[in-house]
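*Asks:* build me a model from this:
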Amino acid sequence: MESLEQIKSRIEAAVPGARIEIVPNDSPSGQRSLLVDREHGFAVAKWLRDDPELRFDYASNVTGVDWPDAELTEKVKVKKVVDGVEQEVEEVRKTVRPGYLEAVYHLYSMERKHGPLVLRMRTANRADQVRLPSLTPLWRAAELQEREIYDLYGIVFDGHPDLRRILMWDGFKDHPMRKDYVEPDDFEYEPTPHDEVLERAWRHYPAGLKQ
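*Replies:* Presented below is the predicted three-dimensional model:
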């Protein structure tokens, strides 16, 4: 398989306007990935599937990731006057990186027998701009996995043929895999609450009813 640098260059030539970034990976596997902007995500994915040299015809795995707001620190060198003498000193600057949600696709080529290529798309934020293009029309294997991400993380996949909850029920509130998710303390719906769950359920019963 071609290197990610080569694939990135060919995508940029084939899909005008696409913004592609190679994401490093510090884990032992060192498996880097391609981050594509959501506006061109579908076109880039289609190119990866249809390009005769790559032919990524199989999406083996699709996962969601929640990235909450994060405080980043950076050491920078600045010039300051210390005791009447200008010196170069090191300062720590802090910035806040707004949070976002991410969909990660692992692509293989059954025809060419290579892969995986890891493709990422990110939402604009974690609140009201959580839409990404569905890649199910390109890889049918993504259908149930995108539904799971929608259910557990809240990413809305535009163009998905049947986007609805798959693990939680329709009336369930929020998305359980979000890192700031707070589970409810009312477990009355559980048929046989016990232990800690029972204690939480009792808080919603009238005083004196607890046995």
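*Asks:* and D170, how close does it get to E53?
*Replies:* Using Cβ to Cβ, to the nearest Å, D170 is found at 44 Å from E53. C-beta coordinates here come from the backbone N, C-alpha and C atoms, glycine included.
*Asks:* more neighbours: the two, which one.
*Replies:* Taking other Cβ atoms under 10 Å, D170 and E53 do not tie; E53 has more neighbours (11 against 6).
*Asks:* what's the helix or strand for that one?
*Replies:* For E53, there is no enclosing helix or strand under DSSP states H and E.
*Asks:* quick one: contacts for it?
*Replies:* E53 makes contact with 2, 112, according to Cβ atoms under 8 Å, 6 or more residues apart in numbering.
*Asks:* which pLDDT value belongs to it?
*Replies:* E53 is assigned a pLDDT of 96 by the prediction.
*Asks:* and for V81?
*Replies:* We note a pLDDT of 80 for V81 in this prediction.
*Asks:* quick one: contacts for it?
*Replies:* By Cβ under 8 Å, 6+ apart, the residues touching V81 are Q87.
*Asks:* secondary structure element holding it?
*Replies:* Going by DSSP H and E, V81 is in strand 70-82.
*Asks:* partner strands of that strand and their direction?
*Replies:* strand 85-97 (antiparallel) (DSSP bridges).
*Asks:* tell me the average confidence for the strand it pairs with?
*Replies:* Mean pLDDT, computed over strand 85-97, is 86.
*Asks:* alpha carbons only: can I get whatever helix or strand comes next after it in PDB?
*Replies:* Downstream of strand 85-97, the next assigned helix or strand under DSSP H and E is strand 100-109. What follows is strand 100-109, C-alpha atoms only, in PDB (Å, rounded to 0.1, in the frame of the first residue of the first chain):
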ATOM      1  CA  TYR A 100     -15.700  17.900  19.300                       C
ATOM      2  CA  LEU A 101     -16.900  14.400  18.400                       C
ATOM      3  CA  GLU A 102     -15.100  12.100  16.000                       C
ATOM      4  CA  ALA A 103     -16.000   9.100  13.700                       C
ATOM      5  CA  VAL A 104     -13.200   6.800  12.900                       C
ATOM      6  CA  TYR A 105     -13.400   4.300  10.000                       C
ATOM      7  CA  HIS A 106     -11.000   1.400   9.500                       C
ATOM      8  CA  LEU A 107     -10.800   0.600   5.800                       C
ATOM      9  CA  TYR A 108      -9.400  -2.500   4.000                       C
ATOM     10  CA  SER A 109      -9.100  -3.600   0.400                       C
END
